[in-house]
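Q: I need the structure of the sequence given here:
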Amino acid sequence: LIGVIPKEVTSLPFLSVLGLSDNTLSGIIPGDIGQHSRMQVIRVENNEITGTIPSFIDANVLIRLVVADNRMIGNLNALSNLNNLRVLLLQGNDFTGTIPSALGNSNDLAVARFTRNPRLSGPMPNEVCAQRNTNGGALSILTAQCPGFDCACCTNSICN
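A: Okay, here's the model as predicted:
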């Protein structure tokens with residue numbers, strides 16, 4: 001597929017999985033994509049998507065957010081409300097700032113990848129580290145980028 005994610009997908013009330021990976025999609029993720037109470041999976045990796053992660057209004061059932069290998073920017077504050085995430089793949093973008101500590105509220109988070117975002121900074125929040133499976137949580141894969149990023153609890157820190 002070539003083009004943008006059509007705004008019309010946000011008007012599909014029974015849409016639970018948005019899978020648009022490995023295309024040549026550009027533009028932004030529509031801001032109201034997460035408003036549907038059935039939206040469980042958003043997979044748009046390996047495209048040319050720009051913009052920020054939308055603030056998901058009704059994100060209680062979103063369990064998988066995969067936006068890896070795009071051209072996305074901005075901070076990760078929109079992740080603060082995603083308490084039911086199991087998989088979060090953000091690698092290969094240009095996100096900035098720090099990882100929100102509220103991500104540690106995702107008790108079922110099993111995989112979180114932040115690598116190849118060279119402008120992320122700061123330490124991995126203790127609340128996220130507390131979710132590692134070595135600490136009794138579900139988080140078994142946690143990767144981050146360094147230098148400039150400290151992650152003592154990561155399963156693999158990639159330094160270039």
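Q: make it CA atoms for all contacts and neighbour counts henceforth
A: Fine.
Q: which stretches of the chain aren't confidently modelled?
A: 34-36, 57-58, 146-148, 157-160 (pLDDT under 70).
Q: can you pull out the helices in it?
A: 126-129 (DSSP state H).
Q: strand partners of the top strand by length along it, parallel vs antiparallel please.
A: When the chain is parsed with DSSP state E, its longest strand is strand 141-146. If you go by DSSP bridges, strand 141-146 pairs up with strand 111-113 (parallel), strand 156-159 (parallel).
Q: what's near enough to touch Ile99?
A: Taking CA atoms under 8 Å, 6 or more residues apart in numbering, we find Ile99 in contact with Leu76, Asn77, Leu120, Gly122, Met124, Pro125.
Q: For it, give its distance to Leu18.
A: Separation of Ile99 from Leu18 (CA to CA, to the nearest Å): 25 Å.
Q: Any idea what Thr24 is bridged to?
A: Ile2.
Q: shouldn't it be in contact with Glu48?
A: Yes. Contact criterion CA atoms under 8 Å: Thr24 and Glu48 qualify, at 6.1 Å.
Q: So the two - more neighbours on which side?
A: Each of Thr24 and Glu48 has its neighbours counted (other CA atoms under 10 Å); Glu48 has more, 21 against 15.
Q: give the contact list for that one.
A: Applying CA under 8 Å, 6+ apart to Glu48 gives the contacts Thr24, Leu25, Ser26, Gly27, Asp69, Asn70, Arg71.
Q: Skipping adjacent residues, who's closest to Pro123 in space?
A: The shortest distance from Pro123 to any non-neighbouring residue, by CA to CA, 6 or more residues apart in numbering, is to Asp150 (4.4 Å).
Q: Count residues in the vicinity of the one you found, would you?
A: The number of residues packed near Asp150 is 16, by other CA under 10 Å.
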